[in-house]
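**Student:** give me the fold of what follows.
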Amino acid sequence: MGFLQKLAVIVIGLSMLCRIVRSVPNTNVTSVLCNSGVYTGGDPFAISLAYILEDLETATSTSKGYDYHNISPYPNAFAYGHAACNNNLTTSDCTACLGAAKTAIFASCQSRIGARSLLYDCTIRYEQYPFDD
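**Tutor:** Predicted coordinates:
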C-alpha cells in the first residue's frame, strides 16, 4: 500500500473515531446552598418556582454562551433565576447537567425560597428576590 493510500485510511479512520467519541457532562455536585426562608404548600411562590426552574433547564442550552437569567411571569410571588453551563458542553449535555443540578436542589433544599446548586459543569440558582451573579 502506497503512502497516499495509508494516509487516506488513517484520515478516514480518525474521522470515524471523532464521530464516535462523545463527552458526558460532569454532574458531580460541588456545593448546594439553601436560603433559610421557607414557603408553604399553598404559597403562590411554588407555582413561580416550578415555572422558573423548568424554564432555566430548557432555555439555558439555547441561550448565547449557555448563560440565562429569567423572572417568573406571576406577579403574586415572583421567582428569579439564573443558570449557566460550561461552554464546552453540547446542548443536550447542558440540559442534562441542569436537570441534575435541579435534582440536587430538590434533594437538599425542600420548600426553600432560594437555593443554588453548583455542579462541575453547570449551575442553577433561584431566589425570591432579584440577584446578580
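**Student:** show me the shaky parts of this structure.
**Tutor:** Within the chain, the set of residues satisfying pLDDT under 70 comprises 1-23.
**Student:** what residue, apart from its backbone neighbours, is nearest the residue minimising distance to the centre of it spatially?
**Tutor:** By C-alpha atoms, centre = their mean, the chain has its centre lying nearest to Leu98, at 2.5 Å. Leaving aside its chain neighbours, Leu98 sits nearest to Glu57 (4.6 Å; criterion: C-beta to C-beta, 6 or more residues apart in numbering). No exception for glycine: its C-beta is placed from N, CA and C like everyone else's.
**Student:** against which helices or strands is the strand or helix carrying that neighbour packed?
**Tutor:** Assigned by DSSP states H and E, Glu57 falls within helix 45-59. Helices and strands touching helix 45-59, by 3 or more C-beta pairs under 8 Å, 6 or more residues apart in numbering; DSSP states H and E, are strand 67-71, strand 80-85, helix 91-108, strand 122-127.
**Student:** dump these to CSV, plus distance to Arg116.
**Tutor:** Output for these, formatted as CSV (distance: least, C-beta to C-beta, whole Å):
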stretch, distance to Arg116
strand 67-71, 14
strand 80-85, 9
helix 91-108, 8
strand 122-127, 4
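**Student:** separation between the residue nearest to Leu98 and Ser36?
**Tutor:** 25 Å (C-beta to C-beta, to the nearest Å).
**Student:** which one's more surrounded, those two?
**Tutor:** Between Glu57 and Ser36, Glu57 has the larger neighbour count (other C-beta atoms under 10 Å), namely 22 against 7.
**Student:** Cys97 versus the more buried one, what's the distance?
**Tutor:** 10 Å.
**Student:** then Thr58?
**Tutor:** Plainly put, Thr58 is 13 Å away from Cys97 if you go by C-beta to C-beta.
**Student:** cool, and Gln128?
**Tutor:** 24 Å.
**Student:** looking at the two, which is more packed in?
**Tutor:** More neighbours surround Cys97 than the other of Gln128 and Cys97, with 28 against 18 (other C-beta under 10 Å).
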